[in-house]
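Novice: I would like the atomic coordinates for the input below:
(2 chains)
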Number of protein chains: 2
Amino acid sequence: PVTTSLAGVACGLARGVCRYFAAAGYGCLLEVPLRSGRRADVMALGAKGDIVIVEIKSGPQDFRTDRKWHEYPEFCDRFYFAVGDGFPEALIPGEVGLIRADRYGAAPIRDGPLHPLAGARRKAVSLRFARLAALRLQVTLDPPGAGM
Amino acid sequence: PVTTSLAGVACGLARGVCRYFAAAGYGCLLEVPLRSGRRADVMALGAKGDIVIVEIKSGPQDFRTDRKWHEYPEFCDRFYFAVGDGFPEALIPGEVGLIRADRYGAAPIRDGPLHPLAGARRKAVSLRFARLAALRLQVTLDPPGAGM
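Specialist: Numbering: from 1, shown residues only, chains lettered A, B, ... in the order given. From the prediction side, this is the model:
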């Protein structure tokens, strides 16, 4: 019961992507609001503080109509698209990372280039990630309105 | 259903403490392992990155037998004890923060002194907090062994 507005196929792919990164030692969050007003589908935070954003594409149409993905790389060290079985790889620009995913897991096809964040941006994004994760956890463990 | 080894009274006080800090805009986690090997009962992370540790004391005996609390302040900007109704305030050293709590909330009696963490320590503690929060959230939303 992942609480997300990611619909149907995209929600399953996001789960697989999170399983992959969690197994690699990353903490993962879905739909992380960025200062730009956009939301990153998946954000992952590594043991050394490295920040990954993964944008889920449910199908070719979803990719073709996305005019905003260029805004994501400035909020992470590495950026990936994640797509499901049957998605035509050739559609995804060669200069970004690509992950093949399903509901149960994921595997990178290629890493995107590493563009290390500047210190102030890294600190701001990490702090946002940390507080959002704790807030969501608390809402899960001690839901508002439960009263007692 | 807060998953914690904090027992009985202490568990309730921890819930109240988390509600107080959450209402003040902090992200909160219970039982955060520190590099020292100890666990902070409650760690809270503020909007500006400030880190608070709260040690829960279920009663005078719990306080008197705690020989290790001096180790906590080096992992946070502010340190507090939290105690329940009827706990004799005079037992708690005047130089540390003190919070009165119950299952439903909490209120600070006095703030402890602010001892800002050095940059490297702050970064390490914040990163630990962020990854632990995301990991616990993921275990809640997509529990291992659920399979499908």
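Novice: okay, CA-based contacts and neighbour counts for the rest of this
Specialist: OK.
Novice: Now the residue positioned nearest the centre of chain A: closest residue in space that isn't a chain neighbour?
Specialist: The centroid of chain A falls nearest to residue A:42 when counting by CA atoms, centre = their mean (1.5 Å). Closest residue to residue A:42 apart from its sequence neighbours, by CA to CA, 6 or more residues apart in numbering or on different chains: residue A:30 at 4.6 Å.
Novice: who touches the helix or strand where the one you found lies?
Specialist: In the assignment (DSSP states H and E), residue A:30 maps to strand A:27-33. Strand A:27-33 is contacted from outside by A:4, A:14, A:18, A:21-22, A:39-46, A:129, A:133, B:130-135, B:138, using CA atoms under 8 Å, 6 or more residues apart in numbering or on different chains.
Novice: which ones among those residues are found in strands?
Specialist: Among the contacts of strand A:27-33, the ones falling in strands (DSSP state E) are A:39-45.
Novice: Which members of the residues you listed are classed as buried?
Specialist: The neighbour count (16 or more other CA atoms under 10 Å in any protein chain shown) marks A:40-45 as buried among those.
Novice: can you list those residues in a markdown table and add pLDDT?
Specialist: Below are those laid out as a markdown table (pLDDT from 0 to 100):
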| residue | pLDDT |
| --- | --- |
| A:40 | 95 |
| A:41 | 96 |
| A:42 | 97 |
| A:43 | 98 |
| A:44 | 98 |
| A:45 | 98 |
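Novice: quick one: which of the residues you listed is nearest to residue A:67?
Specialist: The closest of those to residue A:67 turns out to be residue A:40 (CA to CA; 14.1 Å).
Novice: How about the contacts made by the closest one?
Specialist: Counted by CA under 8 Å, 6+ apart, residue A:40 has contacts A:30-34, A:53-55, A:72.
Novice: just to revisit the earlier point, relative to strand A:39-45, how tilted is the strand holding residue A:30?
Specialist: Using axes from the mean of the first three to the mean of the last three CA atoms, to 10 degrees, the direction of strand A:27-33 lies 150 degrees away from that of strand A:39-45.
Novice: Work out the gap between strand A:27-33 and the centre of the chain.
Specialist: 6 Å (CA atoms, centre = their mean, to the nearest Å).
Novice: Pull that strand out as PDB, backbone CA atoms only.
Specialist: These are the backbone C-alpha positions of strand A:27-33, laid out as PDB (Å, rounded to 0.1, in the frame of the first residue of the first chain):
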ATOM      1  CA  GLY A  27      17.200   5.100   1.500                       C
ATOM      2  CA  CYS A  28      14.400   5.800  -1.000                       C
ATOM      3  CA  LEU A  29      11.400   8.100  -1.100                       C
ATOM      4  CA  LEU A  30       8.600   8.500  -3.600                       C
ATOM      5  CA  GLU A  31       7.400  11.800  -5.000                       C
ATOM      6  CA  VAL A  32       9.800  14.200  -3.300                       C
ATOM      7  CA  PRO A  33       8.800  17.800  -3.900                       C
END
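Novice: What's the mean pLDDT across that strand?
Specialist: For strand A:27-33, the mean per-residue pLDDT is 96.
Novice: Indicate the residue of chain A located nearest to chain B.
Specialist: Residue nearest to chain B within chain A: residue A:130 (4.0 Å; CA to the nearest CA).
Novice: what's the residue nearest to that residue when sequence neighbours are not counted in contact with, if anything?
Specialist: Ranked by CA to CA, 6+ apart and with sequence neighbours excluded, the top spatial neighbour of residue A:130 is residue B:130, at 4.0 Å. Residue B:130 makes contact with A:27, A:45, A:126-127, A:129-131, A:133-134 under the criterion CA under 8 Å, 6+ apart.
Novice: That's all I had, so thanks and see you.
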